[in-house]
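Enquirer: Give me coordinates for this.
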Amino acid sequence: MKYTNSSLGNASAAGSFIWVTIAIYAFTLAIGIAAYLSNTARSVSSNYELAASHWLQSESLYSESKITGHGFLYLPQAAIFHIPFALLSEWTGVKEAGDVAFRIASWVVLAVCCFRFTRFAGQDDGFSQVLMALAVSAVGVSCIRIGQSTVMMTALMLLSLDMWRLGRYNWSAVCIAVAIGVKPLGIVLALLLFAVSRTMRVRLILCAIGLAALPFVSQRPLYAWNQYRDCFAMMGIAAESGNQSYWAQLFCMLRIFGVPLSGPVQNVIRMIAALGTLVLAFMAVARVEQARAACWLFHLSVFFLMLFNPRTENTTYSMMGPVYGLLIANNMASTKRVFLKVLPWVLMICTAGSYEIGKFFTRAGDFPVWLAPLCCCVTIGLVVYNNLPKKSTAQILTYPANQKICSGRSIRKQ
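Expert: Model (predicted):
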């Protein structure tokens, strides 16, 4: 087979883009780990390692968090999953070894999943991969620095959707179950998949049973039951603290803007938002091909979590990285309007620097947690605008906006 100069040039350019993408992810990981090692006291991954040690020693996981709402705020499964990293620190005698390994594993899995996500979202050229890497790195480096499990959870959510769109439903259910075990926020995507995909329902139920049973088969049943009981108490205390002003979610932003809402009103709005999210998920699955539907399910899950989770932090917005990556790549390729090309970059930068930028525009006594949810709201508006019918209604609910939809019959059979 003959290769023309043009094809060789294209292959060389594609290879260059791949190496640039890898370099961006690797540089970000190095920066995050270096920042962690320079000040290990600011790491939250130490809570995971401590919980893993407590689990192995049959000690309480929630002795502090069930009272204060701070500390280990995850399911018992998160402690079990972190045991290999805790053992690594013990075996090597290096206190930070497990935390560093956890960061490396989380970031590598996320990078691979974002690479695949970019491709099945329709932005499969090398330059789009570079843009995705820049976006994910910009909003994710702070999460790597403090070692939050949000990175691994996001990666597993993407992997679950990747398996779902390929028809590998068993693996999809396993991935989302593990994501919930890593961090309970993964349940939003699990519920959407349960609702919109008939083939996933039994699988998700079986995986949920297996996930719930895991503590009982890895420790004494009575001890495991006590941890579940304490976990339930912890979640109640943690949910109550969601009304505080230092969480980066919609209602805290409104409070800072002078529009405080009571707890019951917030709960009503959350229920309405959940119903709206579910309706949009059904619309997406009914109207577009499975790969596009997977993109929409991820977007809807992330948007809901960022704005309506009571305890969203600035660092939780690392989940917005893949969203910004696709939005930037799409707008760079599909529009000639400079404003629409630049706006996603501005939103990404403001989200990444939400604290550092927001503190200059926040009045004394308030926390700079309003900028990230504001950027999320604008991003939702931009995604909606991109998908408004330009020439025909057939373009609605496609992502990217310039992609054609299929009949969706294969989805309806599910």
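
Enquirer: Quick check: Pro260 touching Cys252?
Expert: No - in this structure Pro260 lies outside contact range of Cys252 using Cβ atoms under 8 Å: 9.7 Å. For glycine as for every other residue, the C-beta is placed from the backbone atoms N, C-alpha and C.

Enquirer: Pick out whichever of those two has more residues nearby.
Expert: Each of Pro260 and Cys252 has its neighbours counted (other Cβ atoms under 10 Å); Cys252 has more, 23 against 14.

Enquirer: Check which helices and strands the helix or strand containing the more buried one is in contact with.
Expert: In this structure, Cys252 sits in helix 250-256 according to DSSP states H and E. In this structure, helix 250-256 makes packing contacts with helix 371-386, judged by 3 or more Cβ pairs under 8 Å, 6 or more residues apart in numbering; DSSP states H and E.

Enquirer: How far off centre is the helix it packs on?
Expert: Distance of helix 371-386 from the chain centroid (Cα atoms, centre = their mean, to the nearest Å) equals 16 Å.

Enquirer: which helices and strands does it pack with?
Expert: So helix 371-386, by 3+ Cβ pairs under 8 Å, 6+ apart, packs with helix 250-256, helix 290-308, helix 321-334, helix 338-352, helix 354-358.

Enquirer: before we move on, the earlier item: quick one, the helix or strand following the helix holding Cys252 and helix 290-308 angle?
Expert: Downstream of helix 250-256, the next assigned helix or strand under DSSP H and E is helix 263-287. Counting by axes from the mean of the first three to the mean of the last three Cα atoms, to 10 degrees, helix 263-287 points 170 degrees away from the direction of helix 290-308.

Enquirer: What is the distance between helix 263-287 and the centre of its chain?
Expert: With Cα atoms, centre = their mean, you get 18 Å for helix 263-287.

Enquirer: buried residues in it?
Expert: Judged by neighbour count using 16 or more other Cβ atoms under 10 Å, the buried positions of helix 263-287 are Gln266, Ile269, Arg270, Thr277, Leu278, Leu280, Ala281, Ala284, Val285, Arg287.

Enquirer: again, but for stretch 246-254
Expert: Quick answer for stretch 246-254 (16+ other Cβ under 10 Å): Trp247, Ala248, Gln249, Leu250, Phe251, Cys252, Met253, Leu254.

Enquirer: Could you save these as JSON lines and add columns showing distance to Ile33 and pLDDT?
Expert: Written out in JSON lines, the entries for these read as follows (distance: Cβ to Cβ, whole Å; pLDDT from 0 to 100):
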{"residue": "Trp247", "distance to Ile33": "27", "pLDDT": "91"}
{"residue": "Ala248", "distance to Ile33": "24", "pLDDT": "94"}
{"residue": "Gln249", "distance to Ile33": "29", "pLDDT": "95"}
{"residue": "Leu250", "distance to Ile33": "33", "pLDDT": "96"}
{"residue": "Phe251", "distance to Ile33": "34", "pLDDT": "95"}
{"residue": "Cys252", "distance to Ile33": "31", "pLDDT": "93"}
{"residue": "Met253", "distance to Ile33": "32", "pLDDT": "95"}
{"residue": "Leu254", "distance to Ile33": "37", "pLDDT": "95"}
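
Enquirer: can you list those residues in TSV and add distance to Ala239?
Expert: Below are these laid out as TSV (distance: Cβ to Cβ, whole Å):
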residue	distance to Ala239
Trp247	11
Ala248	16
Gln249	12
Leu250	16
Phe251	13
Cys252	14
Met253	19
Leu254	18
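
Enquirer: now, which of the residues you listed sits nearest Trp296?
Expert: Nearest to Trp296 among the buried residues of stretch 246-254: Leu250, at 20.5 Å, using Cβ to Cβ.

Enquirer: Could I get the contacting residues of the closest one?
Expert: Leu307, Phe308, Pro373, Cys377 (Cβ atoms under 8 Å, 6 or more residues apart in numbering).

Enquirer: if we go to 6 Å?
Expert: Leu307, Pro373 (Cβ atoms under 6 Å, 6 or more residues apart in numbering).

Enquirer: ok, now which ones touch Leu347?
Expert: Taking Cβ under 6 Å, 6+ apart, we find Leu347 in contact with Cys375, Val378, Thr379.

Enquirer: Repeat that for Gln77.
Expert: Gly181, Leu214.

Enquirer: With just CA atoms, put the helix or strand hosting it into PDB.
Expert: Assigned by DSSP H and E, Gln77 belongs to helix 76-81. The C-alpha coordinates for helix 76-81 follow below in PDB (Å, rounded to 0.1, in the frame of the first residue of the first chain):
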ATOM      1  CA  PRO A  76     -17.600   1.900  54.000                       C
ATOM      2  CA  GLN A  77     -16.800   0.600  50.500                       C
ATOM      3  CA  ALA A  78     -14.500   3.600  50.000                       C
ATOM      4  CA  ALA A  79     -12.400   2.500  52.900                       C
ATOM      5  CA  ILE A  80     -12.200  -1.000  51.500                       C
ATOM      6  CA  PHE A  81     -11.200   0.200  48.000                       C
END
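
Enquirer: circling back: could I have the CA atoms of the helix holding Cys252 written out in PDB?
Expert: Output of helix 250-256 as PDB, limited to C-alpha atoms (Å, rounded to 0.1, in the frame of the first residue of the first chain):
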ATOM      1  CA  LEU A 250     -26.700  27.100  43.400                       C
ATOM      2  CA  PHE A 251     -28.300  28.100  46.700                       C
ATOM      3  CA  CYS A 252     -25.200  29.400  48.300                       C
ATOM      4  CA  MET A 253     -24.500  31.500  45.200                       C
ATOM      5  CA  LEU A 254     -28.100  32.900  45.500                       C
ATOM      6  CA  ARG A 255     -27.500  33.600  49.200                       C
ATOM      7  CA  ILE A 256     -24.400  35.600  48.400                       C
END
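
Enquirer: Give me the distance from it to the chain's centre.
Expert: The answer for helix 250-256 is 21 Å, by Cα atoms, centre = their mean.
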